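In: All I have is the shape, not the residue letters:
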């Protein structure tokens with residue numbers, strides 16, 4: 001950009017620059033593939049591997065070890081066993097696909113890559129004849145049928161034992177019933193509001209009614225606070241194994257494992273070993 005009264009051979013350039021901050025990479029916590037525990041062989045293998053690790057730790061455990069060191073042994077035993085037997089969950093992986101089917105898929109991918117890279121027509125024709133698409137489909141269908149049969153038998157056992165929540169979850173999984181979300185907003189009469197301005201007005205009315213409440217007619221006085229009973233008889237006995245077993249069984253499956261990556265499914269595989277180590281750890285504290 002050069003003005004009319006300026007004698008110069010240089011062309012001035014004007015530009016707009018927009019700076020953008022570099023985003024920090026999102027740290028995603030990996031999860032163990034606990035769906036493999038539904039298979040009897042994998043479950044027994046995990047249980048035996050975990051028991052062997054704890055037997056070795058018990059032989060070399062020092063009585064003077066701190067609580068942090070004992071917990072570190074417990075955490076490492078579970079995490080190393082889960083990583084060795086179960087592995088981490090892959091993104092988008094179906095729970096019913098077995099390891100044999102994944103091996104066939106990897107073999108077919110390698111075969112397809114060899115077909116694309118070879119230059120000999122004779123070798124290419126021989127590789128094409130070895131196409132594993134039918135074997136992969138048969139293996140996938142067999143895995144899904146076995147997975148559905150196993151879920152059906154578990155649902156039958158849950159119905160017989162009265163575990164209705166487990167029965168409902170299994171039925172929902174088999175029927176592939178996904179949750180339905182709705183953005184509809186209704187007025188006080190129950191009519192659905194379609195206009196955006198009417199929805200915002202209804203939301204404003206809702207929060208005004210919820211947040212702007214009148215003062216209580218009978219507020220709590222200081223005299224009532226002094227009359228609150230204080231529990232003085234608190235048991236200082238050791239935590240029993242029955243209490244720990246009950247607490248572990250009440251833990252819900254499918255929840256995040258937290259910082260240590262140990263989920264409720266892992267603790268329930270060999271509940272006897274888990275209870276023994278927790279009892280020793282809690283009573284040391």
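Out: Cool, got the structure. Note that this is a predicted model, so its numbers are computed, not measured. Numbers count the residues shown, from 1 in each chain.
In: ok, residue 82 - contacts?
Out: When contacts are counted by Cβ atoms under 8 Å, 6 or more residues apart in numbering, residue 82 is found next to 32, 46, 261, 266. Quick note: C-beta positions are derived from backbone N, CA and C, even for glycine.
In: What lies in contact with stretch 89-99?
Out: 30-35, 38, 139-140, 143-144, 146-148.
In: Scan those residues and report the most crowded one.
Out: Counting neighbours by other Cβ atoms under 10 Å, residue 32 comes out on top of those with 23 neighbours.
In: and that one, what pLDDT?
Out: pLDDT for residue 32: 82.
In: who does it bridge with?
Out: Counting by DSSP bridges, residue 32 is bridged to residue 88.
In: so how far is residue 51 from residue 82?
Out: Counting by Cβ to Cβ, to the nearest Å, the separation of residue 82 from residue 51 is 14 Å.
In: Return the helix or strand in the protein with minimum mean pLDDT.
Out: Within the chain, no helix or strand scores below helix 222-226, which has a mean of 60 by mean pLDDT, DSSP states H and E.
In: Tell me the first helix or strand C-terminal of it.
Out: helix 241-249 (DSSP states H and E).
In: what residues are up against residue 19?
Out: Counting by Cβ under 8 Å, 6+ apart, residue 19 has no contacts.
In: now swap in residue 213 and tell me
Out: With contact set as Cβ under 8 Å, 6+ apart, residue 213 has no partners.
In: how about the strands in the stretch 101-250 of the chain?
Out: Here the stretch 101-250 of the chain has its strands, by DSSP state E, counting those that start in this stretch, at 185-186, 192-193.
In: Rounded mean pLDDT for the last one, please.
Out: With pLDDT averaged residue by residue, strand 192-193 scores 86.
In: same for it, what does it pack against?
Out: Taking 3 or more Cβ pairs under 8 Å, 6 or more residues apart in numbering; DSSP states H and E as contact, the helices and strands that strand 192-193 lies on are strand 185-186.
In: One more pass at 6 Å, please.
Out: The contact analysis (3 or more Cβ pairs under 6 Å, 6 or more residues apart in numbering; DSSP states H and E) places strand 192-193 against no helix or strand.
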